[in-house]
Every structure is written in C-alpha cells, then in structure tokens.
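Trainee: Sequence below, structure please.
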Amino acid sequence: MLQRRFLPLLLVFLALTAQAAPRKVDIVIAHGTIITMAGPNIDDGAVAIDKGDIVAVGKAADIARRFTGRETINARGNAVLPGFVNAHTHVPMTLFRGIADDRDLMDWLQHFIFPAEAKNVDREFVRWGTRLAAAEMIASGTTTFTDMYYFESDIAAEAKKAGLRGVVGETMIDFPAPDNKTWDAAVAYVRNFVKRWHGDRLITPALAPHAPYTVSRAHLEQVRALATELHAPILIHVAETKNEGSQIKDNTGGLSPAAYLDSIGFLGHDVIAAHGVWLTADDIRTFAAKRVGVAHCPESNMMLASGVAPVVDMRHAGVALGLGTDGPAGSNNNLDMVEEAASAARLQKITRGDPKALSARDVLEMATLGGARALGMEDRIGTLEAGKRADVIVIDLQQPKSQPVYAVESAIVYAASGSSVITTICDGKVLMRNRKVLTVDVPAAVAKAKVYRDRVMKSLH
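Mentor: Residues are numbered from 1 along each chain as shown. Predicted structure coming up:
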C-alpha cells in the first residue's frame with residue numbers, strides 16, 4: 001500500500017531529474033568571447049555542437065546547465081567566431097607561390113602563369129597544391145573556400161578529405177587548358193563534375209568561366225544556360241583591371257564588363273564576381289538589383305596595382321560582399337584571411353581619407369557572414385547560431401601582440417593574424433586542435449612543394 005502511494009511521486013521525481021540532466025553533445029566550447037556575427041558579442045559565452053550543427057549559443061553557465069560535451073574546449077580569454085569564408089581563390093597555385101612577383105596582371109598571366117600551368121599542371125599537381133593550401137587555410141581559420149581552377153573534382157576530393165567546405169568552380173576558358181583542351185570537353189567535364197558532387201554536405205560544385213575577356217559571348221551564354229539547368233553557381237572575374245574595362249568597352253560598343261554581362265542575361269543571384277575593382281555606380285546598382293555576390297580581394301588588387309574596389313559604395317548599395325585572398329602566386333602569396341581583413345579596412349581608410357570608412361567589425365563581417373551571403377550560403381554558415389553548420393574557430397588573444405584587449409574585434413583584425421588561430425572546426429569536426437592540423441599530412445605537403453618548385457623552375461628555362 002505504501003509503495004503504491006509513493007510510486008507517482010517517485011515517477012514525477014524521476015521525470016524532473018531526467019529533464020534537468022544535461023544533454024550529451026559532441027563538443028562544447030566554453031568561456032570565450034563569442035562573436036556570433038548575428039548580434040551582440042557574448043562575454044564568457046559557450047557554443048554547443050552536435051552532429052555537425054550548432055545546437056546552442058549563450059552564456060557559459062547556461063550552456064553548462066543544458067549540455068555536456070564529449071569534448072570540452074576551454075576558450076577562456078580568447079575569441080570564438082564563425083570560420084572564415086574565403087570568397088575567391090585558386091588553391092593549387094600555392095605551388096606557384098612567389099613565382100612572379102611585382103608585375104601587372106597581364107604580364108603575370110601571359111608570361112609566367114599560363115606558361116607554367118601549361119607545362120606543370122596535372123591531377124597530381126592539383127592534389128598536392130590543394131593539400132598544401134588546406135593545411136594553410138585550416139591553420140589560419142578558413143573553413144569555407146571558393147575556388148576556381150582546373151581538375152576541380154580532384155580539388156573537391158582533397159578538400160573533403162581535409163574536412164573543409166568548398167564552393168569549387170571548374171575553369172572554362174577559350175583556349176586549351178591543362179585538363180580540357182576544347183570547350184566541348186570542358187562542358188562535358190562540368191556536367192559530370194556537377195553530377196558527382198551535387199548535394200554533398202561539404203562540396204558545392206560550380207561553373208567558372210574565367211572572365212568576359214577570355215570567354216566568348218556565345219560561350220558565356222552557354223554557361224548561363226548550363227548553370228541554370230544544373231542548379232550550380234557561377235564564379236567569374238569581373239572588372240578586375242582598367243585594361244579589362246577598355247578591352248570590353250572596345251568590343252561591345254562602350255559597355256563596362258558588368259553592363260556587358262547584364263546585357264546578355266548572364267547576371268543573377270547565383271553569380272559570384274571576383275574583384276569588381278572598376279565597377280561604376282550603375283554597375284553597383286545592377287549588381288545589387290540582380291543579387292550578384294562580390295568577392296573583394298584587396299591584397300591581390302594592391303599587389304598587381306589593379307586599383308581600389310568601391311567597397312563602401314557596394315556596402316551602401318546592399319551588394320553581398322565577401323573577402324577573398326585570390327591565388328597565392330604573385331597576386332597574393334598567402335591565404336591568411338585575418339591579414340586580408342586588416343588590409344581591406346586600411347585600404348578603404350587611406351583611399352577615402354576617412355578612418356571610419358570600414359571598421360574592424362565591418363571587415364570581420366565581410367570575412368564571415370558577408371562571404372556566406374555572397375555565396376548564397378547565409379542560411380547555413382557565416383554566424384554562430386543554433387541550426388547553422390558548426391564552422392567555428394578559436395583565436396588566441398593571450399599573446400603579447402594582442403594584449404591588452406579593449407575591443408575584441410580590433411584585437412583580432414589589427415593586432416592578431418592567421419597564426420593566432422588555435423582551433424578550427426568545420427561541420428562539427430575538429431580540423432586543428434591546439435595549433436596542430438589533424439586532417440592533412442603537413443610535412444608531406446611541404447616536402448612535395450619543394451619538389452614541385454624545382455620542377456617548375458626547370459620548366460621555365
């Protein structure tokens with residue numbers, strides 16, 4: 001009788017206890033300053049990660065009551081933020097790093113890069129170059145990269161193996177390329193490439209017509225139709241140099257590169273235009289209206305003396321604007337997104353004569369959420385919010401060069417660097433822990449890079 005009387009109370013107690021028990025999740029990052037990029041920073045905050053997704057973000061004490069991690073990462077005194085989104089690069093070109101510095105774009109392309117690629121680039125070159133780049137990106141906090149190169153399916157495979165998220169675009173160009181010697185071969189390759197990777201959680205296959213001056217109108221129109229058919233994004237260089245603008249203007253009766261692309265029905269929400277240095281006010285309005293994403297590459301634009309992109313004007317117009325490093329071979333010799341963010345801020349300040357032109361917070365947003373928006377992926381990445389993919393990095397702010405910290409965004413952009421990243425997580429998987437890259441054989445990649453350097457040097461003589 002006594003047992004029957006207390007049984008309901010016991011069941012209620014057990015139910016309350018079960019409700020109060022913290023949920024077991026894969027990872028809890030605790031006690032850092034959480035830069036969510038979706039709202040105010042959270043001091044002494046935490047992020048709970050499970051099955052590749054962020055399940056909660058909040059105060060560390062609250063997260064501790066609700067979740068317990070199979071792995072707990074102590075971020076006390078450090079910054080926790082979304083992984084960087086490199087909106088434009090050519091990752092296998094790590095193996096051409098430093099091959100031809102201090103030249104303008106056409107000299108660099110025609111006399112060095114195109115000849116070196118013709119003689120050296122094959123599937124193995126691309127795979128090793130991607131491994132080297134993956135190690136560098138993971139070590140400096142990039143979790144998503146946007147690539148444009150050859151043998152792009154092999155790049156996709158290496159990126160996935162390394163655990164990185166990639167929007168990978170197969171280059172299509174009107175002369176024989178290292179992988180496809182004819183346009184028809186490139187189209188066939190793209191069809192198979194997109195079919196293979198469509199729907200992958202980490203890899204988004206894309207079409208990458210090189211530029212409006214290297215791809216004919218008929219072929220650009222074919223790319224537009226093919227991208228629509230395959231539901232794949234388009235990556236393209238647009239308005240990078242003054243010379244490009246003059247060339248397109250002469251060939252189209254006075255149109256700018258952007259206006260020309262718009263006139264043939266090429267532009268749309270699925271187009272990501274790299275550079276945009278010489279966009280006019282009308283071009284910017286068109287890009288905003290057509291929802292074209294732009295990848296701003298300040299260090300490449302400075303290195304090649306291409307000019308200064310109208311970043312502030314694009315932001316004011318509502319253009320989805322991310323940051324890219326461009327290729328690490330003469331146009332920018334590294335893949336460091338922290339350095340890129342600092343350069344973006346300083347370049348706009350000096351050219352506009354306004355120290356408030358771009359803030360540290362502005363360029364951090366461009367390096368994360370802005371890049372996600374440019375790629376049409378803001379529903380999945382770019383912020384630390386419940387339901388987003390778990391692409392998270394921890395940045396060390398305890399180093400002498402970043403102390404004392406008055407404003408965390410300033411400490412990251414103006415004092416820290418890519419080498420300040422301690423932990424890199426992509427899709428819930430730890431790719432680097434305590435500055436040790438876990439998913440790439442770094443010594444092997446470095447050793448192979450030295451072998452390729454000797455081969456490339458020999459091929460150019």
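Trainee: which residue packs closest to residue 244, ignoring adjacent ones?
Mentor: residue 213 (5.6 Å; C-beta to C-beta, 6 or more residues apart in numbering). Heads up, the C-betas are built off the backbone N, CA and C, glycines and all.
Trainee: ok so the one you found is a helix residue?
Mentor: No - Residue 213: not assigned to a helix; according to DSSP: H, G, I helix; E, B strand; the rest coil it is coil.
Trainee: need the contact list for it.
Mentor: Neighbouring residues of residue 213 by C-beta atoms under 8 Å, 6 or more residues apart in numbering: 244, 247, 248, 257.
Trainee: Now do it, the pLDDT please.
Mentor: pLDDT for residue 213: 96.
Trainee: How about residue 460?
Mentor: At residue 460, pLDDT is 82.
Trainee: cool, residue 318 as well?
Mentor: Residue 318 is given a pLDDT of 98.
Trainee: And the residue nearest to residue 244, how far from residue 237?
Mentor: Distance of residue 213 to residue 237, computed by C-beta to C-beta, to the nearest Å: 9 Å.
Trainee: Kindly report the same for residue 304.
Mentor: Relative to residue 237, and taking C-beta to C-beta, residue 304 is found at 12 Å.
Trainee: joint contacts of those two?
Mentor: Joint contacts of residue 304 and residue 237 (C-beta under 8 Å, 6+ apart) do not exist.
Trainee: where does the residue nearest the centre of the chain land in three-state SS?
Mentor: The centre of the chain sits closest to residue 86, judged by C-alpha atoms, centre = their mean, with a distance of 2.1 Å. Following three-state DSSP, the label given to residue 86 is strand.
Trainee: my guess is it meets residue 335, correct?
Mentor: Yes - between residue 86 and residue 335 there is a contact at 6.6 Å, judged by C-beta atoms under 8 Å.
Trainee: Are there residues contacting both of those two? Which ones?
Mentor: 137, 142, 145, 325.
Trainee: could the residues you listed go into TSV alongside secondary structure, distance to residue 190 and neighbour count?
Mentor: Conversion of these to TSV gives the following (DSSP: H, G, I helix; E, B strand; the rest coil; distance: C-beta to C-beta, whole Å; neighbours: other C-beta atoms under 10 Å):
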residue	secondary structure	distance to residue 190	neighbour count
137	helix	25	34
142	strand	25	32
145	strand	19	28
325	coil	25	33
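Trainee: Out of these, flag the one nearest to residue 380.
Mentor: residue 145 (14.9 Å; C-beta to C-beta).
Trainee: Now the closest one: closest residue in space, sequence neighbours ignored.
Mentor: Distances taken as C-beta to C-beta, 6+ apart place residue 86 nearest to residue 145, at 4.3 Å, with adjacent residues excluded.
Trainee: Residue 137 too?
Mentor: residue 335 (5.3 Å).
Trainee: what's the answer for residue 82, then?
Mentor: Excluding the flanking residues, the one nearest residue 82 by C-beta to C-beta, 6+ apart is residue 368, at 4.3 Å.
Trainee: can I assume that neighbour sits in a helix?
Mentor: Yes - assessed with three-state DSSP, residue 368 lies in a helix.
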